[in-house]
Structure formats: structure tokens, C-alpha cells
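Peer 1: got a predicted structure here, sequence first:
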Amino acid sequence: MQLDRRAFVTGTALAATALGRARIAGANDRIRCATIGTGGRGTYLTKQFVAQGAEVAAVCDVYEPHVQQGLKEASPGATAYEDYRRLLEDKSIDAVIVATPDHWHAQMFIDAIRAGKDVYVEKPLAHSVDDGFRMLDALRGSKRIAQIGTQRRSYPLYQEAKRILDSGATGPIRLVNAWWTNYWGALNNSKLEGKLNWDLFLGPAPKRPLDASRYFNWLHYYDYSGGIFVGQAAHIVDGVQWMMNSGYPVAVTSASAPPRIPGAEIPETCSMTVEFPEGYILVFTLGYSAMQYRMFNDQMQQFHGTKARFDLGRESFALYPQSMDVDLQATQQRREPGSFEPASHTHIANFLKSVRDRSEPIATIEMGQRTNVVNCMAIESLRTGRRVRWNAGEKRIET
């Protein structure tokens, strides 16, 4: 019997998938992972994946000191890579962690999915609307597991907050106010202390001569990110969309003060107003030229209902029924200073469980793209000075 090439390729791919699933399904088998991008966040995730029982068998970074940093937290005998494409050729790797600057998320995710890997990708999901949809297209039909690192979705305190809001205790909500404050000083003036593959760092970004300041301060430049504005909105907007059962927005309008940090392109004091089709607006303000707080007090989301206001902080919540008293009294309240960090551990555990049993993870790529669209619209509005609208039919931003 003759077997044509398409049938052979399809059959081989299905067999490989089945073998891969069988290999990681055994109770005594550790999931073999690899981290792409071992700066601060990537190194943290590497350590936490190992703590959750995964074998981090490889690390990859374009900057040699970061490679060495990652190896210290990886499993014994881990392999080091400079080029993530070489790492993806290792068929023994089950899953990859993408923790690079934002402009690389999409292509690394897509290449990993095509290489048959499951993927844990850090937030924000992508650096453009189109990139986010390319990621969804790559994932669709692939039978791969993919999760975005929005750890609030795995946080018991936030899960309880969600139940309270879903109960209707606040009454209808038409306004959500949110803010996040901190203080940023000057740019990082570190010098390169080892080999940096500058061309690999740039990747899909515009080409330019090597610039150590842009490398160490990539979060301040539009070529590589949406700044700390998008970095923190990736948390807040996702949380609000989850709490409010929201999808894609209708329109976004942004404003900012001029950048205060010399050399930075992206403002650190910004605000976005997001209009949702569910009939409410979110006003999120980032203030990174403010006084510093303990993490317990650095952020807030207020859901203003007709019957009650619900305040949701990083590590607290309180439900305040309508009252004419000078001092409002909460009827439901929870304060847990120091409880947020373990949410990342639980989130990683959820991803590893999904890799093992092939169930849908708690934070999907579709969820990440809904937030990514809001944040990309916020940057477009900030840079053009216009209210921008979402064309759902054509999946694009209109000014």
C-alpha cells in the first residue's frame, strides 16, 4: 500500500504528539521546561517552575550574564542557549517559558507552538494587536497548552472577589476607577559586562546601532514595549475584564504628563478611559512619579455600583453598602498583607497541571488578547492624541 507524503507527515505528527503526551503523563515523570529570557522575571519564573516540580532543562538569553543568572536557578545540568530557535530544536523539551521584552513575545510563542511545545508567556501578551491575533491563529487547532502569566486569576483573594461581584451585591456597575502608584528615578546606567547579541535582541524591532542604555531600559522605549503604562495595565485591565465579564472594548482615550525621566520615550504618568460594550467605563491611572508605598497600598480598583462600592486592592477587598454615614462600614472585608506573591506559584502549578492532563489553563491566550487590544489602543491614543475605536468585524484599531 502506498502512503502519500501528506498522510505520512500527518501520521508522524500525531504519533509524536501521542508519544509526547504519554511521556509527560506518567506520575513519576517531570515536565521538562526551558526559559527564554532570563532577566529578572525570567530568572524568578525559572526558580518557581523548579520549585513546583518541573525540570528546567535549558535557559536562553541574548546576554551572557543573564544566561549564567538563569543557569543558577535552573535544574542541574541545564543547557545554555543564545538563540531560542536552537533551543526549540530540542525535542525533549515539553514546554517553554517566554519572559523576554514584549516585542519578542509573539514570534517566540508562534515558533514554540509550531515546534510542538506548550507555552507559558509573560504579560503583556504582545506588542501589537496583529501579533496577538497571530498568536491565537498559531494556537488554534495545535492541541498545545498555552497560558498567559496573569497570576491574579489564580489568586484565592481575587477569586473570592469575583464571586462577590458575580453575586450582584453592588448592583449594576457603570464606573470602575483604578490606579497604581510608585516612583521611578533615573534610567539604568549599567555597562555591558559580557557578550550581548544585539541583533537577536532587536529581532523584529527597527534596526539601530548597539545601545546599552536601550537594552537595559527597554521598558522605556516604544520599539520594545508600551512602557510601565502597559506593563501594569496588563494586570489591572485583565482583572477588571475578568471581574466585569467583559470582552473587547468599544473605544479607548488616553492622556499623559510629559515623561519626567531624562532619556525615556514613554511617559510614566498616564491615564486611559476604556469604554466597554457592557455599558461601563474603566478609568485607569498610572502614577510612577508619586510617593512610594508598601505593596499592600500601591494599587486600587473601585467598582461603583448602585447599591454598594467594592474596593479591590493588591491584597485586600471591602464591600461598602450605600450609606449616608460619614464613615463607611464594610460588610465584607479581607486584608491579607504579603499574600499576593504566592499567587505566581499557584498560577505556575495550574499551567503544569494543564500540561499534564491537557485541560484548559485558568488564564488563556484569548483572555490575554482581550487585554492586549485595550492596551494597544491606549498606546495608539496616547501617541496620536485621539480617541480610538475598536472595529470588531475587521479586528483593527480605527482613529
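Peer 2: Okay, I see it. Residues are numbered from 1 along each chain as shown.

Peer 1: Tyr254 in helix, strand or coil?
Peer 2: No Tyr there; residue 254 is Ser. Here Ser254 is strand, with the state taken from DSSP: H, G, I helix; E, B strand; the rest coil.

Peer 1: and the strands in the stretch 1-150 of the chain?
Peer 2: 32-36, 55-60, 79-81, 95-98, 118-121, 146-148 (DSSP state E, counting those that start in this stretch).

Peer 1: winner for burial among those?
Peer 2: strand 146-148 (a mean of 29; mean count of other C-beta atoms under 10 Å). Bear in mind the C-beta positions are built from the backbone N, C-alpha and C, glycine included.

Peer 1: which strands and helices sit next to that strand?
Peer 2: strand 118-121, helix 342-357, helix 365-384 (3 or more C-beta pairs under 8 Å, 6 or more residues apart in numbering; DSSP states H and E).

Peer 1: give me the buried positions along whichever helix or strand comes after it.
Peer 2: Using DSSP states H and E, the helix or strand that follows strand 146-148 towards the C-terminus is helix 156-166. By 16 or more other C-beta atoms under 10 Å, the buried positions in helix 156-166 come out as Leu157, Tyr158, Ala161, Lys162, Ile164, Leu165.

Peer 1: then stretch 221-233?
Peer 2: Residues Tyr221, Tyr224, Ser225, Gly226, Gly227, Ile228, Phe229, Val230, Gly231, Gln232, Ala233 are the ones in stretch 221-233 that count as buried (16+ other C-beta under 10 Å).

Peer 1: repeat for stretch 367-387
Peer 2: Buried, per 16+ other C-beta under 10 Å, within stretch 367-387: 367-382.

Peer 1: of those residues, which is the nearest to Arg86?
Peer 2: Gly368 (26.7 Å; C-beta to C-beta).

Peer 1: tell me the pLDDT at the closest one?
Peer 2: Per-residue confidence (pLDDT) for Gly368: 98.

Peer 1: just Met1 next, same as before
Peer 2: pLDDT, read off for Met1, is 31.

Peer 1: could you do Ala25 as well?
Peer 2: 44.

Peer 1: that older thread, right, and the strands of the stretch 1-150 of the chain - which one's nearest Ser354?
Peer 2: Going by C-beta to C-beta, the one of the strands of the stretch 1-150 of the chain nearest Ser354 is strand 146-148, 6.8 Å.

Peer 1: pairing partners for that closest one, with directions?
Peer 2: strand 118-121 (parallel) (DSSP bridges).

Peer 1: what's the mean pLDDT across the partner strand?
Peer 2: Mean predicted lDDT for strand 118-121 stands at 98.

Peer 1: what does stretch 47-64 give?
Peer 2: Taken as a whole, stretch 47-64 has an average pLDDT of 98.

Peer 1: thinking again about what came up before, just the ones of the buried residues of stretch 221-233 in helices?
Peer 2: Among the buried residues of stretch 221-233, DSSP state H puts Gly227, Ile228, Phe229, Val230, Gly231, Gln232, Ala233 in helices.

Peer 1: with respect to Ala343, which of those residues is nearest?
Peer 2: Once C-beta to C-beta is applied, the member of these that ends up nearest Ala343 is Gln232, at 15.8 Å.

Peer 1: show me the contacts for the closest one.
Peer 2: Trp180, Leu286, Gln299 (C-beta atoms under 8 Å, 6 or more residues apart in numbering).

Peer 1: make a ChimeraX selection of the buried ones in these.
Peer 2: To isolate the buried ones among those in ChimeraX, judged by 16+ other C-beta under 10 Å, type:
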select :180,286,299
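
Peer 1: now, which of the contacts of Gln232 sits nearest Gln48?
Peer 2: Gln299 (22.0 Å).

Peer 1: re earlier: can you list the buried residues of stretch 221-233 in a markdown table and add distance to Thr269 and pLDDT?
Peer 2: Shown next, in a markdown table, are those (distance: C-beta to C-beta, whole Å; pLDDT from 0 to 100):
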| residue | distance to Thr269 | pLDDT |
| --- | --- | --- |
| Tyr221 | 17 | 98 |
| Tyr224 | 20 | 98 |
| Ser225 | 17 | 98 |
| Gly226 | 14 | 98 |
| Gly227 | 11 | 98 |
| Ile228 | 10 | 97 |
| Phe229 | 9 | 98 |
| Val230 | 14 | 98 |
| Gly231 | 14 | 98 |
| Gln232 | 12 | 98 |
| Ala233 | 13 | 98 |
